[in-house]
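In: quick check, what structure comes out for this input:
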Amino acid sequence: MKLLWVGIAVGLCLREMVNGYERVGFNATELSHFEAHGTSSLAVANDPLMVGLTLIQSAAAKGAVCLDGTLPGYHLHRGFGSGANSWLIQLEGGGWCNNVRSCVYRKNTRHGSSTYMEKEIPFTGILSSNPEDNPDFFNWNRAKLRYCDGASFIGDTQDKDAQLEFRGQRIWSAAMEDLMSKGMSSAQQALLSGCSAGGLASILHCDEFRDLFPRTTKVKCLSDGGLFLDALDVSGGHTLRNFYNGVVDLQGVQQNLPRTCTNRLDPTLCFFPQNLISSIKTPLFLLNAAYDSWQIQASLAPPAADPQGYWHECALNHGKCTSTQVEFLQGFRSQMLNVIKDFSTSNQNGLFINSCFAHCQSERQDTWFADDSPLIGSQPIAIAVGNWYFDRAVVKAVDCAYPCDNTCHNLIFK
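Out: Numbers count the residues shown, from 1 in each chain. From the prediction side, this is the model:
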């Protein structure tokens, strides 16, 4: 099924995204937002649960603030019944900012200031409280931590002249401390998940999350749409690596990256999951589209790498790709499969790599669990993740190459 996005807001968002990579941090940001909350009846469950925003009042004293100095926050829906002592933490996605100019812009949006955050948001997909929509996690305590720093919850510095606070690591710590005081310290089961930049954050913080709990607590991590590759763009350059270099340098990220990586590689390379996943000790599940829509538009074929616009139509709609372009994208998929080869040898880890043109599939109801959800074999994403988390089965689901999968909810942009 093709999910066709229409509407002025989406059009404006994507037009900005593809007209200048410098602005990708806050415009590609909107991609994960629209996917999570939906822009059509296809993407949003009927009558979704709306959950209010809680600001972390203790955060200011810890210097754990958004880019503009406002308090960070989360949305929490309490568990019940058999899930009362189980906790799911979802880290919001939303791109990154890599220089002062883009971060100053960002601090006047919901991804840089709690002033602009929605006061309540729908909980759908993996956050749903309906067992028919979310069979394994519906009655858990479910919290969504809002993203307002711009470096996947891991930076820690400031720019006084620009009045910017890069305090992602402190926000993470303050949020975890607050949630532990609200009952998470007694969790018997816990799952850290995240989408896009939040999916990267769930990888970066996975072992740290494990260490919050006693060994008797079952703890695992899920990264959705967070497997950002250090790939060559269509001009042979390193668009995403260059962008990440700005994020790492500007936001004081290096000090919080895993030493197991920075001891052997440049810090910027340690912001890429491919250089982290094999050393993570905690069980980790990678959910990713093999033809990740965000990476195609912002990393592989951004306008700066495609000045003649040869890739423009293909990046927005895979049905308009030439055979040569499809071959290039198959190479991207091959790189992704190569990156996860060692990671996949451990039975504690899980995989769901479908051959779709998508990005973030766990918070959208239509892709997480619905009558026509994407499948690998006969298994939808929600069942695959549940089987892995509860050790009902070893899950290493890797799709055949495009165009073999007719269950995809491919994203088509206008």
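In: contact partners for Asp136?
Out: By C-beta atoms under 8 Å, 6 or more residues apart in numbering, the residues touching Asp136 are Ala382, Val385, Gly386, Tyr389, Phe390. In this view, the C-beta of every residue, glycine as well, is placed from N, C-alpha and C.
In: out of these, which is most surrounded?
Out: Counting neighbours by other C-beta atoms under 10 Å, the top entry in the contacts of Asp136 is Val385, with 27 neighbours.
In: got the buried residues for stretch 346-359?
Out: Asn349, Gly350, Leu351, Phe352, Ile353, Asn354, Ser355, Cys356, Phe357, Ala358, His359 (16 or more other C-beta atoms under 10 Å).
In: so Pro122 is in contact with Leu49, correct?
Out: Yes. The pair Pro122 / Leu49 is scored as a contact, 6.8 Å apart, by C-beta atoms under 8 Å.
In: which of these two has more residues huddled nearby?
Out: Set Pro122 next to Leu49 and count neighbours by other C-beta under 10 Å: Pro122 wins out with 21 against 18.
In: hmm, Arg110 is touching Lys119, no?
Out: No. With contact defined as C-beta under 8 Å, Arg110 does not reach Lys119; the gap is 10.8 Å.
In: who has more neighbours, these two?
Out: Between Arg110 and Lys119, Arg110 has the larger neighbour count (other C-beta under 10 Å), namely 21 against 9.
In: residues contacting that one?
Out: Shown in contact with Arg110 (C-beta under 8 Å, 6+ apart): Tyr116, Met117, Glu118, Arg146, Cys148.
In: can you pick out the most distant pair from those?
Out: Using C-beta to C-beta, the pair of the contacts of Arg110 lying farthest apart is Glu118 and Cys148, separated by 12.4 Å.
In: among those two, which residue is more densely surrounded?
Out: Neighbour tally, Glu118 and Cys148, criterion other C-beta under 10 Å: the higher count belongs to Cys148, 31 against 14.
In: how about the helices in the stretch 51-200 of the chain?
Out: Shown for the stretch 51-200 of the chain, the helices assigned by DSSP state H, counting those that start in this stretch span residues 100-106, 168-181, 197-204.
In: and if you look at the stretch 251-400 of the chain?
Out: For the stretch 251-400 of the chain, the helices defined by DSSP H, counting those that start in this stretch occupy 259-262, 293-295, 312-316, 323-339, 365-368, 381-389.
In: tell me what the third one is packed against?
Out: Looking back up the chat, that one is helix 312-316. When contacts are defined as 3 or more C-beta pairs under 8 Å, 6 or more residues apart in numbering; DSSP states H and E, helix 312-316 sits against helix 8-18.
In: right, and Gln335 touches Ala231 too?
Out: Yes. With contact defined as C-beta under 8 Å, Gln335 reaches Ala231; the gap is 6.0 Å.
In: the more surrounded of those two?
Out: Between Gln335 and Ala231, counted using other C-beta under 10 Å, Ala231 has the larger neighbour count: 19 against 15.
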